[in-house]
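**Student:** below: sequence and its predicted model.
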Amino acid sequence: MSRSSAPKRAYVETYGCQMNISDGELMEGILAERGYSIVRRPEDADVVLVNTCAIREHAEQRVLGRVAQLNGLKSERPDLVIGVTGCMAQRMGETLVREAPYVDLVMGPDGYRSLPDALERVRSGYATERLGSGAGRRPGRRRGAQLTVLDFHPSENYEGLEQRRTAGPSAWVPIQRGCDHRCTFCIVPYVRGPEKNRSSAEVLAEVQAIVERGVSEVTLLGQTVNSYSWQGVSFAELLRSVARVPGVRRVRFTSPHPNDVTPELVEVMAEEPAICEHLHLPAQSGNDRTLKRMLRRYTVGTFLDKVEMVRAAIPDIALSTDIIVAFPGETEAEFRDTLELMRTVRFDEAYTYKYSLRDGTPAARLPETDFVPPDEAQVRLEELIEVSRTIQAEINEAEVGRVEEVLIEKAARHEGQILGRTRRNKVVVFDGDTERVGEYTAVELERTTGATFAGSEASARSVPVSV
Ligand code: 5AD
């Protein structure tokens with residue numbers, strides 16, 4: 001029997017952002033369609049795919065370690081195929097092939113349609129042909145050759161490919177891939193290529209189909225999701241249509257660019273009951289000179305105008321953000337402006353990062369003297385975290401006592417407890433059975449740790465407990 005006709009089991013391990021999680025589901029879908037069974041442990045698989053992130057150096061190092069560890073499985077099963085996919089695969093390409101000779105396949109995000117064929121080539125040991133700009137054969141390797149698939153396909157919008165979603169009430173729906181912005185710190189445009197939008201009809205058909213399978217919470221995904229446009233259909237229009245699909249109870253989207261938060265979008269958010277009262281609005285910095293050098297194309301003033309517009313229309317909205325400290329050239333005073341922005345807006349949550357140099361990005365070419373020393377960057381990060389956590393805790397303290405609709409997502413850490421999320425994206429833990437995952441229930445927020453809540457179900461409290 002040839003190796004390629006043996007039963008095939010695939011394991012996909014995903015790192016990084018929501019788009020990557022969604023890509024992981026896409027790869028599983030593509031492989032399942034071609035007869036693979038999807039397994040939950042690398043030990044059970046014939047093909048192990050590590051779906052990677054390139055956004056910061058730290059993310060890459062973690063993954064490289066993991067791939068080396070997975071290589072250990074090959075000592076007992078030399079036929080095991082290891083693939084590295086996603087943004088880091090795209091970024092490192094040839095280097096990865098050289099540095100990790102045990103990796104059989106390196107595939108960037110535009111290559112997934114050809115994933116089964118590429119795996120077939122690798123498995124049958126005929127991966128000598130070049131696909132994309134990849135390297136060819138490595139002489140002296142144990143078997144076959146390493147295959148790299150790194151070409152960009154500007155027309156690849158993943159149409160007709162099915163995600164393999166695990167059963168549950170929530171689903172990611174990618175509506176856009178790639179990015180046309182050129183924020184100077186960011187690797188994404190170089191690893192995911194230009195912005196590509198899906199047809200609005202396809203998106204709606206997909207939402208209808210998943211609702212029939214039990215999904216009630218939909219999160220639309222795109223690198224700058226609100227710059228979506230398809231043959232005259234704007235993001236706001238698509239969002240409205242998705243929110244009106246019967247059976248859709250909650251709609252979210254991520255990540256928007258502040259510049260494309262338009263009055264039309266805010267109006268749709270305010271009007272459509274299914275759209276959740278939460279907006280992730282990445283600010284990145286609170287200083288105009290830094291924003292300009294990041295090429296964010298807004299100022300602190302225009303960012304604050306957007307915040308004001310959103311809050312005027314949806315007073316109860318929860319806002320989250322992304323902030324980078326120690327962008328090259330950021331002075332101490334400029335960093336203080338970021339703290340000031342945090343205190344002005346009072347975000348419900350902030351994802352905070354130290355600038356990480358990404359080769360190939362414009363910021364990486366700034367003079368070396370501009371780079372903020374690591375210990376100084378660390379001090380700034382810690383101060384920012386302190387400020388943002390204090391604000392978050394104050395906001396959440398003030399919410400104790402509220403009764404919120406919660407969608408039950410999973411078991412909580414402690415036995416007998418479950419974890420859910422409010423429409424405003426706050427995590428709540430309360431007593432309950434994991435069989436209830438997927439249900440909506442009213443929960444009173446009773447305590448906060450600062451970041452999350454402990455509560456109890458409104459209905460549970462109104463039922464007398466027999467002793
Ligand atoms: N260094 C640090 N953080 C970064 N981000 C993107 N690129 C970098 C980088 N080079 C952050 C931004 C973005 C989030 C997803 O990751 O804040 O919004």
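**Tutor:** Received it, and whenever you're ready, just let me know what you need.
**Student:** contacts and neighbour counts: CA atoms only from here.
**Tutor:** Noted.
**Student:** which bits of the stretch 201-350 of the chain sit near the ligand?
**Tutor:** 282, 284, 322, 323, 324 (CA under 6 Å from any ligand atom).
**Student:** quick one, phi/psi of residue 34?
**Tutor:** Backbone torsions for residue 34, taken as degrees, to the nearest 10, come to phi -100, psi 20.
**Student:** same deal with residue 315?
**Tutor:** phi -60, psi -30.
**Student:** would you mind listing which of the residues of the stretch 201-350 of the chain next to the ligand are buried?
**Tutor:** Buried subset of those (neighbour count, 16 or more other CA atoms under 10 Å): 282, 284, 323, 324.
**Student:** relative to residue 262, which of those residues is nearest.
**Tutor:** residue 282 (15.3 Å; CA to CA).
**Student:** doesn't the closest one fall inside a strand?
**Tutor:** No - assessed with DSSP: H, G, I helix; E, B strand; the rest coil, residue 282 is coil; it does not lie in a strand.
**Student:** residues contacting it?
**Tutor:** Contact analysis of residue 282 by CA atoms under 8 Å, 6 or more residues apart in numbering lists 255, 256, 257, 258, 320, 321, 322, 323.
**Student:** likewise residue 392?
**Tutor:** Contacts of residue 392 (CA under 8 Å, 6+ apart): 346, 347, 348, 349, 450, 451.
**Student:** can you give me the strands in the stretch 151-300 of the chain?
**Tutor:** Secondary structure of the stretch 151-300 of the chain, counting by DSSP state E, counting those that start in this stretch: strands at 170-174, 176-177, 196-197, 217-221, 229-230, 233-234, 250-254, 278-280.
**Student:** now residue 264. Nearest residue, chain neighbours left out?
**Tutor:** Nearest-residue entry for residue 264: residue 236, 6.4 Å, with adjacent residues in sequence omitted and distances by CA to CA, 6 or more residues apart in numbering.
**Student:** what do you get for residue 329?
**Tutor:** residue 370 (4.5 Å).
**Student:** is it true that residue 335 touches residue 325?
**Tutor:** Yes - with contacts counted by CA atoms under 8 Å, residue 335 reaches residue 325, the gap being 7.0 Å.
**Student:** shared neighbours of these two, anything?
**Tutor:** Residues touching both residue 335 and residue 325 (CA under 8 Å, 6+ apart): 285, 380.
**Student:** how about the residues of the stretch 351-467 of the chain near the ligand?
**Tutor:** 353, 354, 355, 356, 357, 358.
**Student:** could you dump the residues you listed into CSV and include pLDDT and distance to residue 413?
**Tutor:** Shown next, in CSV, are those (pLDDT from 0 to 100; distance: CA to CA, whole Å):
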residue, pLDDT, distance to residue 413
353, 98, 27
354, 98, 29
355, 98, 32
356, 97, 32
357, 97, 36
358, 97, 36
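**Student:** quick check: of these, which lies closest to residue 377?
**Tutor:** Nearest to residue 377 among these: residue 354, at 6.4 Å, using CA to CA.
**Student:** isn't that closest one right next to residue 326, touching?
**Tutor:** Yes - using CA under 8 Å, residue 354 is in contact with residue 326, at 6.2 Å.
**Student:** overlap of the contact sets of those two?
**Tutor:** By CA under 8 Å, 6+ apart, the residues touching both residue 354 and residue 326 are residue 377.
**Student:** more neighbours: those two, which one.
**Tutor:** residue 326 (27 against 19; other CA atoms under 10 Å).
**Student:** how near is that one to residue 378?
**Tutor:** 9 Å (CA to CA, to the nearest Å).
**Student:** what does residue 362 give?
**Tutor:** 23 Å.
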